[in-house]
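**Student:** Pasting a predicted model and its sequence here:
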Amino acid sequence: MNFLQNEDIKVIENFLPKTNQKILEETLFGKYFPWYKSIDTASKLENFKSKNIFDYSQFVHVFYSFRNNVSKIESDFVEIINTNLLNQIGKYFKLNDLNIMRIKANLQLHHKKTTKNSFNNPHTDNKLNHISAIYYVNDSDGDTYFFDNRYKIIKKVTPKKGKIVIFRGDIIHAGGHPFNFETRAVINCNFLI
């Protein structure tokens, strides 16, 4: 089954109904939602060299972890993700049951040393055959960059609340930094094929 219908990277505007968009944004930016500081965003690719790489700490919240090829619920907020995001992704893929690997939220804050074209460490989320999805929680800047195997940019996607980008998991990608906005929040999903 070809989930992407012969596209490697598929961008869908307003993927979620406005009500679901609002619930996710208000939950993740709510005063009771726990964020945890991570010193970096992803491991470096040894051969990837670019003056635009500027990796700095972010805040994360893990809903589902993936260890020893097993997915495990890690969050008391998982039902909000299941109801407001995963159900829609399942409908899109025409699947009753998604084979979840990992789902986590990432929050980056504006940093004075970033530029409009800087991005975090380019990476893939896992070496296993999978599909990735990045859901944009809020309007922001800090494009998501996609690269070919020679590390050339092949696509940029600008964050916009309600938008999702679905792509083959072996595509190298990196999150850009909020430059004109204070925050950039995404929900990163990985599904086994």
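**Tutor:** Right, received. Where do you want to start?
**Student:** Enumerate every residue touching residue 52.
**Tutor:** Counting by Cβ atoms under 8 Å, 6 or more residues apart in numbering, residue 52 touches 115, 117-119. (Glycine included, C-beta is placed from N, CA and C.)
**Student:** So for these, which is the shakiest by pLDDT?
**Tutor:** Lowest pLDDT among the contacts of residue 52: residue 115, with 78.
**Student:** wait, is it part of a helix?
**Tutor:** No. Assessed with DSSP: H, G, I helix; E, B strand; the rest coil, residue 115 is coil; it does not lie in a helix.
**Student:** Which residue lies nearest to it in three dimensions, sequence-adjacent residues excluded?
**Tutor:** residue 179 (7.1 Å; Cβ to Cβ, 6 or more residues apart in numbering).
**Student:** okay, now that neighbour: neighbour count?
**Tutor:** When neighbours are defined as other Cβ atoms under 10 Å, residue 179 has 16 of them.
**Student:** repeat for residue 53
**Tutor:** Neighbour tally, residue 53, other Cβ under 10 Å: 15.
**Student:** name the helices or strands packed onto the helix or strand hosting residue 166?
**Tutor:** Using DSSP states H and E, residue 166 maps to strand 164-168. Packing partners of strand 164-168 (3 or more Cβ pairs under 8 Å, 6 or more residues apart in numbering; DSSP states H and E): strand 9-12, strand 130-136.
**Student:** For the residue nearest to residue 115, give me its contacts.
**Tutor:** 110, 114-116, 141-142.
**Student:** Report the separation between residue 179 and residue 139.
**Tutor:** From residue 179 across to residue 139, the span is 13 Å (Cβ to Cβ, to the nearest Å).
**Student:** Repeat that for residue 154.
**Tutor:** The value you get for residue 154 to residue 139, if Cβ to Cβ is used, is 24 Å.
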